[in-house]
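*Asks:* Can you look at this prediction? I've put the sequence above it.
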Amino acid sequence: MPPKPLPYKTRAIIWMITTLNDAAIRRDGTTNRRFLDFINVKSPANSTPVRNVKTYDIKVDPSRNLWFRVFEPVQDAKDTQLPVIVFFHGGGFTILSPDSVTYDTVCRKFARKVGAVVVSVNYRLSPEHCYPAQFDDGFDVLKFLDADRKVLPECANVEWCFLAGDSAGGNLAHHVSKRACDAKFSQLKVIGVVAIQPFFGGQERTESEKMKSQIVINTKRTDWAWKAFMPKGDRDHEVINVSGPNAADITGIKDFPATLVFVGGLDILQDWQRRYYEWLKKSGKEAYLVEYPNMIHAFYVFPDFPESAMLISEVKDFVQKQIQKH
């Protein structure tokens, strides 16, 4: 079955974002940050519930602008314990933030429909801050939550912690969870990873990267993003090519969390994402793959797609399944 044409509104939004992004990135690896601000329309935190979710921001380290936004769903039963989803936004490690309208809306949906306290992390961006800054920030937020449980609402159970993210955020969710396996937290326990169309790559060009139709992202943009993220690095570095020749050996990590991987059939990164899932399985880890054949990269942020609601439902089922095991 051929893919359905994109809704007009969706096509217009994608065209605007990609045009501004392409105009803002430079050949020398730098960006026009002011130009990128046109893409990153922001939404302030709101202590008054909006669609039954209230939000507030917590500073972790002002010197590096490390902070997170908390999304707390309004509950009838105040003593009901909720899982914590630590969320990492997408954007090729280069753009966007937790207060972006897009991610404020996405995290609000996760909080309301999954039934979770969501912690959306503002990590440092490349090219100003290259690898491993983003991973250090993500891990430091986990340490912060473990050390100061009171920054979250009473209903938040950090022993039911999930790391989630889309695109670059999916990459972060995996690697930060791997770090967490080696950490000795006093309270926090990561029991699941949700990798939504994670941003992985490598030296070779996969078949999906050769697709004629490249919507939202294309190889020119991903090549630029990898170079900005790791200027002197090898594209087969384990952080980029997670399942490649330099992949970390996770077979001996006993508490590696169960992982849910989402793939879109019109996403040029789909081959890398399937390899990631297959690598997890071969490493003896609990992993699940959900594919949407007609979906583009970042489809789930567009409510016009029915698959967007389906993804939220899959995440909810996964979260509840892992909680029951623990």
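*Replies:* Okay, I see it.
*Asks:* From now on I want contacts and neighbour counts done on CA atoms only, so please keep to that.
*Replies:* Noted.
*Asks:* At which residues are the helices of the protein located?
*Replies:* For the chain, applying DSSP state H gives helices covering 8-24, 33-36, 101-109, 133-147, 168-182, 219-229, 270-282, 306-325.
*Asks:* got TSV for those helices, with distance to residue 83 too?
*Replies:* Shown next, in TSV, are the helices of the chain (distance: least, C-alpha to C-alpha, whole Å):
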stretch	distance to residue 83
helix 8-24	32
helix 33-36	34
helix 101-109	14
helix 133-147	13
helix 168-182	16
helix 219-229	31
helix 270-282	24
helix 306-325	8
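*Asks:* Most tightly packed of those helices?
*Replies:* Here the criterion is mean neighbour count by mean count of other C-alpha atoms under 10 Å, and of the helices of the chain the winner is helix 168-182, at a mean of 22.
*Asks:* Mind checking which residue lies nearest the centre of this protein?
*Replies:* For the chain, the residue sitting closest to the mean C-alpha position, by C-alpha atoms, centre = their mean, is residue 165 at 1.5 Å.
*Asks:* neighbours around the closest residue to that residue other than its chain neighbours, how many?
*Replies:* Sequence neighbours aside, residue 88 is the residue nearest to residue 165 in space, at 4.6 Å (criterion: C-alpha to C-alpha, 6 or more residues apart in numbering). The local packing of residue 88 (other C-alpha atoms under 10 Å) involves 29 other residues.
*Asks:* distance of residue 88 from residue 122?
*Replies:* Here the distance between residue 88 and residue 122 works out to 8 Å (C-alpha to C-alpha, to the nearest Å).
*Asks:* Ok, residue 178 next?
*Replies:* 20 Å.
*Asks:* next one: residue 266
*Replies:* In this view, residue 266 and residue 122 are 28 Å apart by C-alpha to C-alpha.
*Asks:* quick one, which of the two is more surrounded?
*Replies:* Taking other C-alpha under 10 Å, residue 266 and residue 122 do not tie; residue 122 has more neighbours (25 against 20).
*Asks:* Would you agree that one is in contact with residue 62?
*Replies:* No: with contact defined as C-alpha atoms under 8 Å, residue 122 does not reach residue 62; the gap is 11.2 Å.
*Asks:* and the gap between residue 38 and residue 101?
*Replies:* Distance from residue 38 to residue 101, counting by C-alpha to C-alpha: 12 Å.
*Asks:* Residue 109 too?
*Replies:* Noted for residue 109: a distance of 12 Å to residue 101, by C-alpha to C-alpha.
*Asks:* distance of the closest residue in space to residue 160 that isn't next to it in sequence from residue 152?
*Replies:* Nearest non-adjacent residue to residue 160, counting by C-alpha to C-alpha, 6+ apart: residue 83, 4.9 Å away. Distance, residue 83 to residue 152, using C-alpha to C-alpha: 11 Å.
*Asks:* got it, and residue 40?
*Replies:* Residue 40 is 26 Å from residue 152, where distance means C-alpha to C-alpha.
*Asks:* Looking only at neighbour counts, state which of these two leads.
*Replies:* Legend: neighbour count by other C-alpha under 10 Å for residue 40 and residue 152, higher for residue 152 (20 against 17).
*Asks:* Which residues lie in contact with that one in this structure?
*Replies:* By C-alpha atoms under 8 Å, 6 or more residues apart in numbering, the contact list for residue 152 reads 70, 145.
*Asks:* so what pLDDT did it get?
*Replies:* For residue 152, the pLDDT comes out at 97.
*Asks:* Kindly report the same for residue 4.
*Replies:* Listed pLDDT for residue 4 reads 68.
*Asks:* Leaving out sequence neighbours, find the closest residue to residue 195.
*Replies:* residue 170 (4.4 Å).
*Asks:* now residue 236
*Replies:* Take residue 236 and drop its neighbours on the chain: the residue closest to it by C-alpha to C-alpha, 6+ apart is residue 202, 4.9 Å away.
*Asks:* The one you found and residue 282: what is the separation?
*Replies:* Computed as C-alpha to C-alpha, the residue 202 to residue 282 distance reads 19 Å.
*Asks:* Same check on residue 191?
*Replies:* Residue 191 sits 19 Å away from residue 282, going by C-alpha to C-alpha.
*Asks:* tell me which helix or strand of the chain sits lowest on mean pLDDT?
*Replies:* helix 33-36 (a mean of 87; mean pLDDT, DSSP states H and E).
*Asks:* Show me what that one is packed up against.
*Replies:* With contacts taken as 3 or more C-alpha pairs under 8 Å, 6 or more residues apart in numbering; DSSP states H and E, helix 33-36 sits against helix 8-24.
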